[in-house]
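Peer 1: I need the structure of the sequence given here:
(chains A and B)
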Amino acid sequence: VSEAGSGAFAGDPARKAALLATIERHIGLGTLRPGLTAWDGTGGTPLGVVVCGSDAADYTAQTGYPLALAELLDPLFSMLNGEEASRFAREWLAVVAPGADLSGVPTRIVLSLLPDGEPLVDAIIDLHRSVLEGESVARGTWSAARKALLAALDQEPDGPRRLNLALAEAASWPATTSRSILTAMADIWCSIPVAAENSDWTEADEDRAQTVLKSLWDEQRAARETGVHVDYPALFAERDGELARRFETNLALANSRYQERRRALAAIALSHLAATTPGADNAAAKRALGIAAR
Amino acid sequence: VVNKVQSLDEAGFDAAIATGAVLLDLWAPWCGPCRALAPVLEDVAADFADSLSVRKIDVQANEALMGRLGVSSIPTLILYRDGVEAARVTGTMSRARLTAWIEEQL
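Peer 2: Residues are numbered from 1 along each chain as shown, chains lettered A, B, ... in the order given. Predicted coordinates for the structure are as follows:
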C-alpha cells in the first residue's frame, strides 16, 4: 500500500469521479450496506466497496483521506438511515475537491466535539489547537494530559461529566497520526445527551422501573424456557401503568437524542471536509442531512 | 500507509512470539468489539514500535489455538516476553487504558 500524494484523490479529478461513480453504482443497486466494514464481492460498506476489502489503509491510499477519517466513514454511515445514509456516502466524497489538503480535518473535528469549560478538557483542546497552528507538541505533554484525565476518571461517578472526561481521554492523542481517535470519540459523543437529565424521569424512577422489569424477567423464566413469546412492555403496563408510560416516554426521548446526535456528527464531519475547498459551499452538509452543523 | 499489526496463523505462532515483547490480539471477523479494537491496536503498534511488536490471529481460522492458549472469549490480548506469557486481558479498552496496561508490563 503506497501513500497517496498531492492531497485528496491525488489531485486527480478522474480518480474522484471514478470513486463517486462506484458509490453511486452501489447506491443504485442497493448493495451499499451499513455495518462492520465489509466487501463480499458484490457489495459492502462505503469503505468496503471503494477498496474491495476492509483495509482503511487502502482507502487512504486511494482517496488521500487521513486514516482517522477512513476509519470514521463506515461507523458514521451505519449511524444513519436509508436515503440519508446514501446522501452522506455521496457527499463524503463529493464535497472535497481533488488536491484538497485534508490533513487538518481530523483535528478540526476533534475540536468541534470537545466541550470547553472543564480544565482537564480545556488542556486537551489547547494541545489540538497548538497542532493546528503548526506547533510541535511533545509526546510527554500528551501523555501528562492523558494521565491526568485517567486519574480523574478513576474518581468520577457515572454521568455527563464522566462522559466529557472520557471524550477528552479518547481525544488525548494527536489527530494527525491517530487512526482510532475519531471512532473512539464518536461513540462517546453520541452518548452524552442520552445521559443528560430529563426532568420528567428521575433516578428514583429509573430504579423503580428496573426493579419492576427485573421482577417480570424472573417471573417469566418458565414461559421463556418453553419458547412462549413474552410481551414485557404489556406486562410492565399491567403492573404499573403510569410508570410504564413515563418509562417509554423517557426511552423514546433518549433514542431521539441519540439519533439526532448521530446526524449532527455526520454533518460536522461533512462540513469540515467541505471547508477544505476554497469557495466551497459549506452548506452541503446541511443539505445532505437536513440539519445545522455545529 | 502501512498496517503495523501483522496477521499470524497457528503455524507461525511459536516463532513469532519467541523473541522480544509481542502483543498478540486474538480476534474474529464477526466480533464487533474486536473490529472496534483494531484501529486502537494499529495506533498502539505505532506508539510502541521501538519496544513491542503487535500481531493478530483470527481464531475463527485457527480454532485449535484458542484451546491451546486457554482463551474462551474475544477479544483477548496476550503479552509475551521472549516466548513466555507475561500478562493477558480480555475485552475492549480505550487506547489510553491499553497504553497504561502495556507500560506497566514492559
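Peer 1: residue numbers of the stretch 151-294 of chain A in contact with chain B?
Peer 2: Proximity of the stretch 151-294 of chain A to chain B (Cβ under 8 Å from any Cβ of the partner chain) is limited to residues A:166, A:169-170, A:172-173, A:177-180, A:183-184. All C-beta spots, glycine's among them, are computed from the backbone N, C-alpha and C.
Peer 1: in space, what's closest to A:Ser112 - neighbours in sequence excluded?
Peer 2: A:Ile268 (5.0 Å; Cβ to Cβ, 6 or more residues apart in numbering or on different chains).
Peer 1: which SSE is the one you found in?
Peer 2: Following DSSP states H and E, the helix or strand that holds A:Ile268 is helix A:241-274.
Peer 1: OK, contacts around A:Thr211?
Peer 2: A:Thr211 sits next to no residue when contact means Cβ atoms under 8 Å, 6 or more residues apart in numbering or on different chains.
Peer 1: any idea of the pLDDT on the residue nearest to A:Pro98 when sequence neighbours are not counted?
Peer 2: Spatial nearest neighbour of A:Pro98, excluding adjacent residues (Cβ to Cβ, 6+ apart): A:Phe9 at 4.4 Å. We have a pLDDT of 97 for A:Phe9.
Peer 1: likewise for A:Ile192?
Peer 2: A:Ile192 is assigned 82 on the pLDDT scale.
Peer 1: now the element after the helix or strand encompassing it, going C-ward?
Peer 2: Using DSSP H and E, A:Ile192 sits within helix A:181-195. In the C-terminal direction, the helix or strand that comes right after helix A:181-195 (DSSP H and E) is helix A:203-219.
Peer 1: find the nearest non-adjacent residue to residue 36, please.
Peer 2: Using chain A here. Using Cβ to Cβ, 6+ apart and skipping residues adjacent in sequence, the residue nearest A:Leu36 is B:Arg35, 5.1 Å away.
Peer 1: was after chain B, sorry
Peer 2: Nearest non-adjacent residue to B:Ala36, counting by Cβ to Cβ, 6+ apart: B:Thr92, 6.2 Å away.
Peer 1: just give me the neighbour total for the residue of chain B found nearest chain A.
Peer 2: Going by Cβ to the nearest Cβ, chain A is nearest to B:Pro39 of chain B, at 3.8 Å. When counting by other Cβ atoms under 10 Å in any protein chain shown, one arrives at 24 neighbours for B:Pro39.
Peer 1: I'd guessed B:Lys4 sits against B:Ala46; true?
Peer 2: Yes - with contact defined as Cβ atoms under 8 Å, B:Lys4 and B:Ala46 form a contacting pair (5.6 Å).
Peer 1: quickly find the element holding the residue of the stretch 1-150 of chain A found nearest chain B.
Peer 2: Residue nearest to chain B within the stretch 1-150 of chain A (Cβ to the nearest Cβ): A:Ala57, separated by 4.4 Å. Secondary structure from DSSP H and E places A:Ala57 in helix A:56-63.
Peer 1: what angle sits between that helix and helix A:181-195?
Peer 2: Angle, helix A:56-63 to helix A:181-195, by axes from the mean of the first three to the mean of the last three Cα atoms, to 10 degrees: 110 degrees.
Peer 1: packing partners of the host helix or strand of B:Ala11?
Peer 2: Element membership for B:Ala11, per DSSP H and E: helix B:10-17. Where contact means 3 or more Cβ pairs under 8 Å, 6 or more residues apart in numbering or on different chains; DSSP states H and E, helix B:10-17 is packed against strand B:53-58, helix B:63-69.
Peer 1: immediately after that helix, which helix or strand?
Peer 2: Criterion used, DSSP H and E; the element after helix B:10-17 is strand B:21-27.
Peer 1: buried residues in that next one?
Peer 2: Judged by neighbour count using 16 or more other Cβ atoms under 10 Å in any protein chain shown, the buried positions of strand B:21-27 are B:21-27.
Peer 1: next: stretch A:75-83.
Peer 2: By neighbour count on 16+ other Cβ under 10 Å, the buried set for stretch A:75-83 is A:75-80.
Peer 1: for chain B, which spans come out with low pLDDT?
Peer 2: B:1 (pLDDT under 70).
Peer 1: tell me which parts of it are close to chain A?
Peer 2: B:1-3, B:32, B:35-36, B:39-40, B:42-43, B:46, B:94-97, B:99-100.
Peer 1: show me which of those residues are buried.
Peer 2: By 16+ other Cβ under 10 Å, those give B:1, B:3, B:35-36, B:39-40, B:42-43, B:94-96, B:99 as buried.
Peer 1: could I get those as JSON lines with secondary structure?
Peer 2: As requested, these are exported to JSON lines (DSSP: H, G, I helix; E, B strand; the rest coil):
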{"residue": "B:Val1", "secondary structure": "coil"}
{"residue": "B:Asn3", "secondary structure": "coil"}
{"residue": "B:Arg35", "secondary structure": "helix"}
{"residue": "B:Ala36", "secondary structure": "helix"}
{"residue": "B:Pro39", "secondary structure": "helix"}
{"residue": "B:Val40", "secondary structure": "helix"}
{"residue": "B:Glu42", "secondary structure": "helix"}
{"residue": "B:Asp43", "secondary structure": "helix"}
{"residue": "B:Ser94", "secondary structure": "coil"}
{"residue": "B:Arg95", "secondary structure": "helix"}
{"residue": "B:Ala96", "secondary structure": "helix"}
{"residue": "B:Thr99", "secondary structure": "helix"}
